[in-house]
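> Fold the following and give me the result.
(4 chains)
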There are 2 protein chains.
Amino acid sequence: MTTIRDVAELASVSVGTVSRVMSKNTTVKAALKERVLTAVKELDYKPNLSARALRTNRIDVIGLVVPDITNPFFSQLALCIETEAAKRGHSVMLANSHGDAETERRQISTLLDHALRGIVVVAASDTAGPRFETEVSIVSLDRRFDRFPLVSTDHRDGSAKVANYLFELGHRRIAYIAGPQNTEVARARKEGFVSRVEQLNRQDAGVEVRVFEGRFDYDSGEQLGRKILASSNRWKPTAIAAASDQLAIGVLRAMRDLDLNVPADCSVVGFDDIELASLVVPRLTTIRQPTELLARAALEHMFSDNEKIRETTIKGELVVRGSTGKLSRRAG
Amino acid sequence: MTTIRDVAELASVSVGTVSRVMSKNTTVKAALKERVLTAVKELDYKPNLSARALRTNRIDVIGLVVPDITNPFFSQLALCIETEAAKRGHSVMLANSHGDAETERRQISTLLDHALRGIVVVAASDTAGPRFETEVSIVSLDRRFDRFPLVSTDHRDGSAKVANYLFELGHRRIAYIAGPQNTEVARARKEGFVSRVEQLNRQDAGVEVRVFEGRFDYDSGEQLGRKILASSNRWKPTAIAAASDQLAIGVLRAMRDLDLNVPADCSVVGFDDIELASLVVPRLTTIRQPTELLARAALEHMFSDNEKIRETTIKGELVVRGSTGKLSRRAG
DNA sequence: GATTGAAAATGAATCGATTCATTGACGGGT
DNA sequence: ACCCGTCAATGAATCGATTCATTTTCAATC
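Down below sits the predicted model:
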């Protein structure tokens, strides 16, 4: 293996000079720099990252902790984080918390041992444990972790957009399927929806919302969808808004089983805009979470090390597809 | 930060002894070991991984390179790899090649700089570039990378199982949608299917197969599905076997648009058994790739450092669900 | 009690890049 | 011609764990 000393020798300069050339930012006269770079090329020298890490106590790697990488939304985020990190010459260490707070802490703790540049955490839950003490910059993404600054979509705003949109289409009986209310995201989305409706009702909009609570996954959506639309019910919504695309897709599935047509019998809206949303039949109307922007914002925050900003929210966008329609005679 | 020297001092032993206690495997008498461990606990000592890395030129991290983490099959693999690595006290560095050979090389090269324990590569393509020279143990997963040992599902066998199964259901006109033929996986799957059919035909089975080529994704499946089943065609298959679940799901979508019923009008089979396969309507019959086993085998190979084994194949399992049925009057 | 050999413990040297106190070079001002 | 200030370049010290040649310990044997 060629070391910095070999390069220094070949270029007839000191190791310090080689070091400075390698790490750009300092002043080395053009002539010397040239000699060094030639030597580097000649020897195909690559700095030993472990040695650098020992000295600087930092490596160009960021950690990413997600509940479950197979969740399409998280894998989308992971891709964007990795891409964004690569742009900055950083690699990514990935860890799954399996939605478990204890595992999450262990994973973060392991990552901290590696002297990473920073860690992005998509929190498993918002139950607070003992505080993490560390100088490493930690950023919460999508869901807040511990006391660390959060970058997320404006969940309230997104849900409000959905409420608005359904109202404009003429829907007045709406079921809202919320996510687990022990998570901040799920609460924010539900409240965004409900309070927008309340606001409308203060202007005599006459919208009736019933809230159901589930998890964020397909199964939950299917079960609740079936329950909500069961033919025995007196109360039949003309639209269902779900707290995630997966829930909404579960609902679509239930409706197919019940032989109900979407959107003629009932409109359905999701949240996230995972890839699958545009592949189901009918394609799902939803709120797009801007994953690239979220990822970029998270890393910007990490690299700027701005202690002050506690929260960065980015607005999502309503994507209208085939699963929603004007209130029809049939459903109304 | 507390160092090994602090521990040695507190326990009144030499640093060497502490080192040996920390890394288990060597002989330290019980009494001393006890003293050291007490000191470690008291000081909450954690070895500095960078220092260890510098000395040993190895860290307990494995690299994982996939074409695209948002692909559900790869994210499934990634989860299993991470879980398996964690069991062995290792972390995972993730990199996406975006299906591009050049990017793949860059990513691997970056990972190599980090002195990892090994790298698992799910190859982007099988076009060979200049050979990688390195002592780091590299294992190909699912698709062979360069000359490195491969762990994969037995693609030929899986496809043969599909052919068998469709034959037994009575199907005699079958369309096979292959993946891109410049990849080894796609070729293996196609050949497995075709040669099983040929074998059957040598016993006068009278099966007619037509092969279509696409990519592995949803869109490709939808387009080819539409083309194959267009009402204007003279030739109408009673079953379609696809080289991936995503292709098969695309076909399902096309059939819905064409108002065809699955499996009454035409049976559909996929390959992989991604999570979505059991969520589409109807649930997809497919070959399950045993991701946990694949991941485990890949890491076992990496840790055993067995230079001899060039290939480990694991058989997939046919999972029968709702998208296939006996040849019906209607379709036949 | 002396001798010996194996096992246990020691601690200095090492890994390779970075850093900073120090030296050297050069140009401008008087 | 001399002094001074600035900018470049130097290289020894440093980061903290591991390793291995060496020393110490201790029980077994005569």
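> Quickly find the element holding the nearest residue in space to residue A:218 that is not next to it in sequence.
Leaving aside its sequence neighbours, residue A:218 sits nearest to residue A:250 (C-beta to C-beta, 6 or more residues apart in numbering or on different chains; 4.4 Å). Where C-beta positions appear, they are placed from N, C-alpha and C, glycine not excepted. Secondary structure assignment for residue A:250, by DSSP states H and E: helix A:245-257.
> Report the buried residues of the lengthiest helix in chain A.
Longest helix in chain A, counting residues (DSSP state H): helix A:184-201. Neighbour counts over helix A:184-201 (16 or more other C-beta atoms under 10 Å in any protein chain shown) mark A:184-190, A:192-194, A:196-197, A:200 as buried.
> Not counting it itself, show me its contacts.
The contact list for helix A:184-201, computed with C-beta atoms under 8 Å, 6 or more residues apart in numbering or on different chains, reads A:126, A:142-144, A:152, A:155-160, A:162-164, A:167, A:174, A:176, A:178-181, A:205, A:207, A:209, A:211, A:216, A:241, A:243, A:271.
> check whether stretch A:27-43 contacts DNA strand D.
Yes - if you take C-beta under 7 Å from any atom of the strand as the test, stretch A:27-43 does meet DNA strand D, through A:27, A:28, A:29, A:31, A:32.
> okay if I get those residues as a markdown table plus distance to residue B:292?
Formatted as a markdown table, the residues of stretch A:27-43 next to DNA strand D follow (distance: C-beta to C-beta, whole Å):
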| residue | distance to residue B:292 |
| --- | --- |
| A:27 | 55 |
| A:28 | 52 |
| A:29 | 58 |
| A:31 | 58 |
| A:32 | 55 |
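> I'd like these as TSV, with pLDDT and secondary structure appended.
Output for those, formatted as TSV (pLDDT from 0 to 100; DSSP: H, G, I helix; E, B strand; the rest coil):
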residue	pLDDT	secondary structure
A:27	78	coil
A:28	82	coil
A:29	86	coil
A:31	86	helix
A:32	86	helix
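> Residue A:272 is in contact with residue A:291, isn't it?
No - Residue A:272 is not in contact with residue A:291 according to C-beta atoms under 8 Å; the separation is 9.2 Å.
> Tell me the residues that contact both of the two, please.
Contacts common to residue A:272 and residue A:291, judged by C-beta under 8 Å, 6+ apart, are residue A:73.
> mind listing what residue A:39 touches?
Per C-beta under 8 Å, 6+ apart, neighbours of residue A:39: A:7, A:10, A:11, A:18, A:45.
> tell me which element it is part of?
Residue-wise, residue A:39 maps onto helix A:30-43 under DSSP H and E.
> That helix: how far from the chain's middle?
43 Å (C-alpha atoms, centre = their mean, to the nearest Å).
> ok, now stretch A:305-322?
10 Å.
> Touching it from outside, list them.
By C-beta under 8 Å, 6+ apart, stretch A:305-322 touches A:137, A:149-154, A:157-158, A:161-162, A:165, A:262-263, A:271, A:273, A:277-278, A:282-290, A:293-294, A:297, A:301.
> so which of those are also by chain B?
Among the contacts of stretch A:305-322, proximity to chain B is found for none (C-beta under 8 Å from any C-beta of the partner chain).
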